[in-house]
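[1] 3D, please:
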Amino acid sequence: MTVEIRNGTTVPEFALEGFPAVQHLGNVLFLVHLVAYLASITGNTLIITITWADHRLQTPMYFFLSSFSFCECCFITTVIPKLLSIFLLGPQTIHFTSCLAQAFSFLFLGSTIFFLMAVMSLDRYQAICKPLRYPTIMSLRVCFLLVVFCYTLAFIFITGLVLKLSRLSFCGSNVIPHFFCDFGSLIYLSCSDTRSLEMLAFCLAMLIIFTSFIITIIAYGNIVVTIVRLPSAKERQKAFSTCSSHLIVLSLMYGSCVFIYVKPKQRSRLDSNREAALVNTVVTPLLNPVIYTLRNKQVHQALREALSRLKLQK
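    Here you go, the predicted model:
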C-alpha cells in the first residue's frame, strides 16, 4: 500500500518527527523512557503473574486487573519502541501499512482499556453495594465474557475508523509531527476532505470515553452512598481502599484522553497532543502497577510470600 500525492509519485513511508526541540537530549531521554518502559512492563507483568499464581487473588477484581495490565503492556509496546528509536537515532521512517497498523493497535487497545475500566467500576459496585449477590453475579464465565465484550466492541468501533482513514489521499510533506502514527497527525497530512472522518472520530471518542466515564460515575456514586452508610469507620476505610487506586488511575486516563481526542477538529493542538500522549503512553502505564500494588494489602502479602518461597528454593 502506498500514499498518493499530488505530483503523481508515491510515498511508501512516513517520517515520525518525535520531539525536535529536545532531540539534542536524545541519549538522556532514551535512557529515561527505556527505564520507564521496562518498569511498566515489569510492573504489569508482575501483577499478571502474582494474580494467577496466588489462589487468593483469583477473584473477579484481580481477574479484571490482570486483564487490564495485559492490555496496558500491549498498548505501550505499540508506540514506545519507536519513541526510543527516535530519541536514540533521530526521526524514524515507517511504512504506510505499518503506520496504519500502529494507529489501529493504539486506538483499539486504548478503547479496550476504557471499556475495561468501566467494567472494573461495575465490579467494585457489585462487590460493595450488592455483596451477597456478588459471587453469583460475577462468576468466572461472566468475567470472561465481559473482557471479551470489551475487546470485541473496541475492535468493531476502531476497524471502521481506520478503514476510512486508509482511503484518504496524502499530499505535500510526509513528516508526521508526532512520535507515532497518531490519528490526528495523519488527518493533518491528508489532502482529502476529512470532515466526515473527523466527525466520526469525534463521535466515537465521545461514545467510548464518555460512556465509560458515565458508567464509572454512576457506579462510584452508588459506592460512595453505600460506604457513607456503613456503620463502622473501619468498614468504610476498607471499602474505600479497594476503590481509591482505581479512581487515581481513572483520573489520569480520562484527563489526558479527553484533552487529545474529544475535539471536533483533529488538526488543532498537534504539538500539545504529543505531550498529552506521553502522559497516556509513558507516565500512566508506569504509575498503574505502582498505584495498584502499593495501596493493596492482599498484593503485598502475596508478593512477600512469593519472595519467601524463592528464598527457600535458593
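[2] so where's the longest helix in the chain?
    helix 96-129 (DSSP state H).
[3] If you count neighbours, what's buried in that helix?
    96, 99-100, 102-129 (16 or more other C-beta atoms under 10 Å). C-beta: built from backbone N, CA, C; applies to glycine.
[4] what's the offset of that helix from the middle of its chain?
    Taking C-alpha atoms, centre = their mean, to the nearest Å, one finds the center of helix 96-129 at 6 Å from the center of the full chain.
[5] Show the average pLDDT along it.
    Predicted confidence along helix 96-129 averages 91 (mean pLDDT).
[6] for that helix, packing partners?
    Applying 3 or more C-beta pairs under 8 Å, 6 or more residues apart in numbering; DSSP states H and E, one finds that helix 96-129 makes contact with strand 13-16, helix 60-77, helix 134-137, helix 140-166, helix 183-189, helix 211-229, helix 233-261.
[7] Export those as JSON lines, with columns for mean neighbour count.
    Below are the helices and strands packed on helix 96-129 laid out as JSON lines (neighbours: other C-beta atoms under 10 Å):
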{"stretch": "strand 13-16", "mean neighbour count": "20"}
{"stretch": "helix 60-77", "mean neighbour count": "22"}
{"stretch": "helix 134-137", "mean neighbour count": "13"}
{"stretch": "helix 140-166", "mean neighbour count": "16"}
{"stretch": "helix 183-189", "mean neighbour count": "22"}
{"stretch": "helix 211-229", "mean neighbour count": "16"}
{"stretch": "helix 233-261", "mean neighbour count": "17"}
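[8] Poorly predicted segments of the stretch 201-314 of the chain, please.
    The stretch 201-314 of the chain contains residues with pLDDT under 70 at 234-236, 238-247, 255-273, 292-297, 300, 306-307, 309-314.
[9] With adjacent residues omitted, what lies nearest to V147?
    The shortest distance from V147 to any non-neighbouring residue, by C-beta to C-beta, 6 or more residues apart in numbering, is to S67 (4.9 Å).
[10] so what's the one you found scoring on pLDDT?
    93.
[11] Pretty sure it sits against F115.
    No - if you go by C-beta atoms under 8 Å, S67 and F115 don't touch, sitting 10.6 Å apart.
[12] Identify the contacts common to these two.
    Counting by C-beta atoms under 8 Å, 6 or more residues apart in numbering, S67 and F115 have no common neighbour.
[13] could you point out which element follows the helix or strand R274 falls within?
    Using DSSP states H and E, R274 falls within helix 270-278. Using DSSP H and E, the helix or strand that directly follows helix 270-278 along the chain is helix 284-294.
[14] Identify the residues contacting that following helix?
    Helix 284-294 is contacted from outside by 36, 39-40, 43-44, 46-47, 65, 68-69, 72, 75-76, 245, 248-249, 252-253, 256, 299-300, 303, using C-beta under 8 Å, 6+ apart.
[15] swap the cut-off to 7 Å and go again
    Contacts to helix 284-294, defined as C-beta atoms under 7 Å, 6 or more residues apart in numbering, come from residues 36, 39-40, 43-44, 46-47, 65, 69, 72, 75-76, 245, 248-249, 252-253, 256, 299.
[16] what does stretch 133-148 give?
    With C-beta under 7 Å, 6+ apart as the test, stretch 133-148 has contacts from 60, 63-64, 67, 119, 123, 126-127.
[17] Stretch 105-112 too?
    Residues contacting stretch 105-112 (C-beta under 7 Å, 6+ apart): 71, 74-75, 78-79, 150-151, 154-155, 157-158, 161, 180, 183, 208.
[18] farthest pair in those?
    C150 and F180 (22.6 Å; C-beta to C-beta).
[19] Distance of the residue nearest the centre of the chain relative to M117?
    The centroid of the chain falls nearest to G110 when counting by C-alpha atoms, centre = their mean (4.2 Å). According to C-beta to C-beta, to the nearest Å, G110 stands 11 Å off from M117.
[20] Over to I218?
    The gap separating I218 from M117 is 14 Å, by C-beta to C-beta.
[21] can you check F14 too?
    From F14 across to M117, the span is 31 Å (C-beta to C-beta).
[22] swap in L163?
    For L163, the distance to M117 (C-beta to C-beta) stands at 26 Å.
[23] Grab the CA positions of stretch 152-164 and hand them over as CSV.
    Output of stretch 152-164 as CSV, limited to C-alpha atoms (Å, rounded to 0.1, in the frame of the first residue of the first chain):
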residue,chain,number,x,y,z
THR,A,152,-14.9,-7.0,20.6
LEU,A,153,-16.7,-3.7,21.0
ALA,A,154,-13.4,-1.8,20.6
PHE,A,155,-12.4,-3.9,17.5
ILE,A,156,-15.7,-3.1,15.8
PHE,A,157,-15.5,0.7,16.5
ILE,A,158,-11.9,1.2,15.6
THR,A,159,-11.8,-1.1,12.5
GLY,A,160,-14.3,1.1,10.6
LEU,A,161,-12.5,4.3,11.6
VAL,A,162,-9.1,3.0,10.4
LEU,A,163,-10.5,1.6,7.2
LYS,A,164,-11.9,5.0,6.4
